[in-house]
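1. Quick one: sequence plus predicted model below, questions after.
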Amino acid sequence: MGEGSTKTYGIGGVRVSQAIREAAAGLVPTSDTARLDAEVLMAHAQGVTRSDLLLRRMDDPAPAEFTTLVERRAAHEPVAYIIGTQEFFGLPFRVTADVLIPRGDSEVLVERALTAKPNAHRVLDCGTGSGALLLAVLANLSQAEGIGIDRSAAALAVASGNAESLGLRTRARMIAADWSQAGWAEGLGRFDLILANPPYVETDADLAPSVRSYEPAGALFSGPEGLDDYRLLIPQLPDLLTPGGTALIEIGASQTHAVCTIAGESGFATQVHHDLGGRARVIELTLRA
Ligand code: GLN
């Protein structure tokens, strides 16, 4: 390997700063955030925070395992899966390939939940995945307890681990349940607040390789229009809400009309909330009097 080759990082003598520069250049075709990705992967390889890395470690020798991490990213694996963690609503969540990576776009759902139901006692999260929505809400509503359901046992294990590490184990229960199966909600009771980020992607959608090849299909796809899970779940929500209760459901930007129609047919009034990118992202459902 000659000098200046992009393959020299991670090899004795190369400093962190140079390894990051070379990795960032190599990741440009894969990632819109190539430099950031390289820094985060290097911080992970060094076992330090990104700010520690940038302030204090740039002249250290580059660790050999950085090469492997960068190669995984170059093959489109998301950074969150490589480092095993993703921040959401200011909290650290462990993530594995068994759960969808929590998106910043979903934070508007948590914000709306906290505003709409600051006194909620019982919270249900349908399709909890990593537990991100439920645990972010519980972390900010100290009087509330909640249940996260998922049909994936592997996801429930991740969610339970996150409840534990966030100190919410006594207020959050994770339960195996599948809303396509009759009787799934028996014994759960009623909830002041229901959260859901169900699968809503069209089966043949043109997704980035980092999503289609790495994130769990069961958390993404919901039939040809991406609407199958709304059609199954929303009509069951009236029986799960307390009087005056609120459900907050994440949607894809183009699904506002279709989901509001499904909700209207189940007796709900609807309100649309937008994410920071200005896209319709959350539908708030309240039962019409
Ligand atoms: N926001 C995700 C995406 O666009 C989809 C999440 C979902 O289906 N619930 O990749």
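-> That came through fine. Numbers count the residues shown, from 1 in each chain.
2. tell me what the lengthiest strand in the chain is packed against?
-> Longest strand in the chain, counting residues (DSSP state E): strand 241-250. Judged by 3 or more Cβ pairs under 8 Å, 6 or more residues apart in numbering; DSSP states H and E, strand 241-250 is in contact with helix 107-116, strand 191-196, strand 280-287. C-beta coordinates here come from the backbone N, C-alpha and C atoms, glycine included.
3. tell me the angle the helix or strand following that strand makes with strand 280-287.
-> Scanning forward in sequence from strand 241-250 by DSSP states H and E, the next helix or strand is helix 256-265. With axes from the mean of the first three to the mean of the last three Cα atoms, to 10 degrees as the basis, helix 256-265 and strand 280-287 are set at 10 degrees to each other.
4. what's helix 256-265 packed up against?
-> Helix 256-265 packs on helix 228-233, strand 268-274, strand 280-287, going by 3+ Cβ pairs under 8 Å, 6+ apart.
5. so of those, which one's packed in deepest?
-> strand 280-287 (a mean of 21; mean count of other Cβ atoms under 10 Å).
6. For residue 173, what is the enclosing helix or strand?
-> If you go by DSSP H and E, residue 173 is part of strand 172-176.
7. Neighbouring strands - and their directions - for that strand?
-> Partner strands for strand 172-176, per DSSP bridges, with pairing direction: strand 145-150 (parallel).
8. Tell me which residue of the stretch 1-150 of the chain lies closest to the ligand.
-> residue 103 (5.3 Å; Cβ to the nearest ligand atom).
9. Count the neighbours of that residue for me.
-> Using other Cβ atoms under 10 Å as the criterion, residue 103 is surrounded by 14 other residues.
10. and if you look at the one 3 residues further on?
-> Using other Cβ under 10 Å, residue 106 has 21 neighbouring residues.
11. and if you look at residue 203?
-> Counted by other Cβ under 10 Å, the residues lying close to residue 203 total 13.
12. Residue numbering should commence at 817 henceforth.
-> Happy to do that; since the first residue is 817 now, the last one works out to residue 1019.
13. quick one, what contacts it?
-> Taking Cβ atoms under 8 Å, 6 or more residues apart in numbering, we find residue 1019 in contact with 1037, 1038, 1039, 1040, 1042.
14. rewinding a little: can you list the helices and strands packed on strand 1057-1066 in CSV and add distance to the ligand?
-> Shown next, in CSV, are the helices and strands packed on strand 1057-1066 (distance: least, Cβ to the nearest ligand atom, whole Å):
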stretch, distance to the ligand
helix 923-932, 11
strand 1007-1012, 9
strand 1096-1103, 9
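15. Can I get those in a markdown table including mean pLDDT and distance to residue 1048?
-> A markdown table is the format used below for the helices and strands packed on strand 1057-1066 (pLDDT from 0 to 100; distance: least, Cβ to Cβ, whole Å):
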| stretch | mean pLDDT | distance to residue 1048 |
| --- | --- | --- |
| helix 923-932 | 98 | 19 |
| strand 1007-1012 | 98 | 11 |
| strand 1096-1103 | 98 | 15 |
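16. Can I get those in CSV including distance to residue 1081?
-> What follows is the helices and strands packed on strand 1057-1066, written out as CSV (distance: least, Cβ to Cβ, whole Å):
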stretch, distance to residue 1081
helix 923-932, 22
strand 1007-1012, 17
strand 1096-1103, 12
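17. Out of those, flag the one nearest residue 832.
-> For residue 832, the closest of those is helix 923-932, at 31.6 Å, according to Cβ to Cβ.
18. Name the residues of the closest one that come out as buried.
-> Buried residues in helix 923-932, defined by neighbour count with 16 or more other Cβ atoms under 10 Å: 923, 924, 925, 926, 927, 928, 929, 930, 932.
19. what's it in contact with?
-> With contact meaning Cβ under 8 Å, 6+ apart, helix 923-932 is reached by 904-905, 936, 939, 949, 952-953, 956-957, 1009, 1011, 1013, 1062, 1064, 1066, 1089-1092, 1097-1098, 1100.
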